[in-house]
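Need the 3D shape of this:
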Amino acid sequence: MQNKTNKNTGIFIKVITEITGVFVFSVGIHRFIAYNHIVPGGVTGLATLCNYLFGIPIGFITFLINFPLLFWGLKFLGKHTILRTIITVVELSFMLDIGVMWVPVYHGNLLLSSICGGLCMGLGLSMILISGTTTGGGDLLGKMIQRRRPNISMGKILFTIDALVISSSAFVFKEMKPAIFGIITMLVCAILLDFVNQVSARIRYKCYMKN
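Numbering: from 1, shown residues only. Next comes the predicted model:
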């Protein structure tokens, strides 16, 4: 009985962590990044560009881009992983288009906007990964490429995807600012993501040693 209670508590904490992470990540994208014409990497960066060009909601585009990747990834990553990712992608799409609309948009210094956006993205993504899932997109594509090409590191795959998306923003907006601040955003996001993961790993190790 006690084990069942502990298991249910663990699942509840994971769900809350995941939803909170999706919300924080969405705030970074929608309230700091997109409205200031800053383009991060990955699928959300591509969705931001499409939103600017065609006016289609970022969350909806994110879901459309992820859908074929999820379908393709089914045979590579298994049903459980893909199901968890589908749930997270749906949550992210909802948060981007509806869930964060009550949060005020930041219009101001672009450097501050890119830093705050990167912090929100890094913290949100860390919480999502800690809960045991991903936002799909570049992470999912990277895993599938690595399955077929194990000699290529995940870092190189994600860097290539991000570089292509961020560099394309300079051509879409016809200036270098979006690309430069996009790089700053991704650097802040990556630094915070690594920091949180290291702290999380130390906490898990200490808990393991105590048990």
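
With adjacent residues omitted, what lies nearest to residue 136?
The spatial neighbour of residue 136 that comes closest, neighbours along the chain excluded (C-beta to C-beta, 6 or more residues apart in numbering), is residue 66 at 4.2 Å. Backbone N, C-alpha and C define where each C-beta goes, glycine included.

Kindly report the same for residue 30.
Closest residue in space to residue 30, ignoring its immediate chain neighbours: residue 100 at 5.2 Å, by C-beta to C-beta, 6+ apart.

and the one you found, what are its phi and psi?
Dihedral angles of residue 100 (phi, psi; degrees, to the nearest 10) stand at phi -110, psi 10.

what's the pLDDT at it?
With respect to pLDDT, residue 100 has a value of 89.

residues in contact with it?
Residue 100 makes contacts with 23, 26-27, 30-31, as judged by C-beta atoms under 8 Å, 6 or more residues apart in numbering.

what helix or strand is the residue lying closest to residue 40 once chain neighbours are set aside on?
With C-beta to C-beta, 6+ apart as the criterion, residue 40 has its nearest non-adjacent residue at 5.1 Å, and that residue is residue 185. Secondary structure from DSSP states H and E places residue 185 in helix 177-210.

One more: residue 124?
Using DSSP H and E, residue 124 falls in helix 110-130.

Packing partners of that helix?
Using 3 or more C-beta pairs under 8 Å, 6 or more residues apart in numbering; DSSP states H and E as the contact criterion, the neighbours of helix 110-130 among helices and strands are helix 2-27, helix 177-210.

Nearest to residue 83, out of those?
helix 2-27 (13.3 Å; C-beta to C-beta).

how near is the residue nearest to residue 30 to residue 136?
Look at residue 100 and residue 136: by C-beta to C-beta, to the nearest Å, they are 18 Å apart.

same question, residue 25
Relative to residue 136, residue 25 is positioned 12 Å away (criterion: C-beta to C-beta).

The two: which has the busier surroundings?
Neighbours were tallied for residue 25 and for residue 136 using other C-beta atoms under 10 Å; the higher tally belongs to residue 25 (27 against 24).

Report the distance from stretch 172-181 to the chain centre.
21 Å (C-alpha atoms, centre = their mean, to the nearest Å).

what about that stretch, how long is it end to end?
This stretch, stretch 172-181, spans 15 Å end to end (C-alpha to C-alpha, to the nearest Å).

Could you number the chain from 572 rather than 1 from now on?
Happy to do that; since the first residue is 572 now, the last one works out to stretch 743-752.

Residues touching it, excluding its own?
Contacts to stretch 743-752, defined as C-beta under 8 Å, 6+ apart, come from residues 607-610, 620, 623-624, 681-682, 684-685, 737-738, 740-741.

Which positions in that stretch come out as buried?
743-744, 749-752 (16 or more other C-beta atoms under 10 Å).
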